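1. coordinates only, sequence not included:
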């Protein structure tokens with residue numbers, strides 16, 4: 001889609017977890033359950049599923065979340081508490097290829113933004129750890145604004161903050177449901193699956 005003449009460069013918007021930052025609860029719970037994959041699967045699909053974690057991404061307090069789950073699954077209370085007290089052990093590092101792409105985009109002078117589902121209580125733990133998070137002109141973190149993707153409200157909040165129409169924004173996310181909502185709202189989108197494919201797509205668009 002051609003850019004409006006008002007905008008010399010598109011705004012490029014990155015998701016964080018799964019695109020730039022390698023976050024995976026299995027890094028913590030695999031060892032905690034002594035490598036018992038069936039137990040890990042049960043814990044992460046029934047006791048503390050992603051849907052539960054998303055409630056914290058949307059602004060729920062971590063203490064409230066852990067207390068609620070511990071009451072429902074008392075036998076798993078120590079593991080539930082570990083979900084957030086040992087949360088940093090879920091971070092495997094970064095996807096270096098994507099960070100290199102981000103650096104190239106930055107060097108080319110494109111406006112950079114982040115739109116990420118993340119608890120306001122855990123995000124500071126990665127914000128102080130990864131220097132590249134300072135490269136963004138603005139970060140919209142769901143837990144801070146109390147609304148999370150794929151709710152259209154957070155996309156509209158982003159547009160209000162950066163003063164751009166959606167067709168002048170390229171949104172990169174690893175979640176298909178988040179991409180589908182962005183598509184419906186008129187964003188240009190890339191469904192992220194690997195740094196190599198992202199680089200190829202950006203080169204096709206002549207952004208790198």
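-> Cool, got the structure. Since the model is a prediction, treat every value here as computed from it, not as a measurement.
2. quick one, what contacts the closest residue to residue 170 other than its chain neighbours?
-> Spatial nearest neighbour of residue 170, chain neighbours left out: residue 188 (4.5 Å); criterion: C-beta to C-beta, 6 or more residues apart in numbering. All C-beta spots, glycine's among them, are computed from the backbone N, C-alpha and C. Residues in contact with residue 188, defined by C-beta atoms under 8 Å, 6 or more residues apart in numbering, are 1, 10, 167, 169-171.
3. ok, and for stretch 24-41, which residues are buried?
-> 25-26, 28-29, 32-33, 39-40 (16 or more other C-beta atoms under 10 Å).
4. how long is that stretch from one end to the other?
-> The straight-line separation of the ends of stretch 24-41 (C-alpha to C-alpha, to the nearest Å) is 13 Å.
5. Rounded mean pLDDT for stretch 25-33, please.
-> Mean per-residue pLDDT for stretch 25-33: 98.
6. From the chain's centroid, how far away is that stretch?
-> From the chain centre to the centre of stretch 25-33 is a distance of 20 Å (C-alpha atoms, centre = their mean, to the nearest Å).
7. outside of it, which residues touch it?
-> Contacts for stretch 25-33 (C-beta under 8 Å, 6+ apart): 37, 39-40, 43-44, 48, 79, 82-83, 86-87, 89-92.
8. could the buried residues of stretch 24-41 go into CSV alongside secondary structure and distance to residue 182?
-> Converted to CSV, those look like this (DSSP: H, G, I helix; E, B strand; the rest coil; distance: C-beta to C-beta, whole Å):
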residue, secondary structure, distance to residue 182
25, coil, 25
26, helix, 27
28, helix, 30
29, helix, 31
32, helix, 35
33, coil, 36
39, helix, 36
40, helix, 31
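9. The nearest residue to residue 201 once chain neighbours are set aside: neighbour count?
-> Leaving aside its chain neighbours, residue 201 sits nearest to residue 190 (5.3 Å; criterion: C-beta to C-beta, 6+ apart). The number of residues packed near residue 190 is 21, by other C-beta atoms under 10 Å.
10. Regarding residue 113, which helix or strand does it belong to?
-> Applying DSSP states H and E as the criterion places residue 113 in strand 112-116.
11. which element follows that strand toward the C-terminus?
-> Past strand 112-116, the next helix or strand by DSSP H and E is helix 123-127.
12. next one: that next one to chain centre, how far?
-> 12 Å.
13. Quick one: name whatever helix or strand follows it.
-> Counting by DSSP H and E, the next helix or strand C-terminal to helix 123-127 is strand 138-141.
14. what mean pLDDT does that following strand have?
-> Averaging pLDDT along strand 138-141 gives 97.
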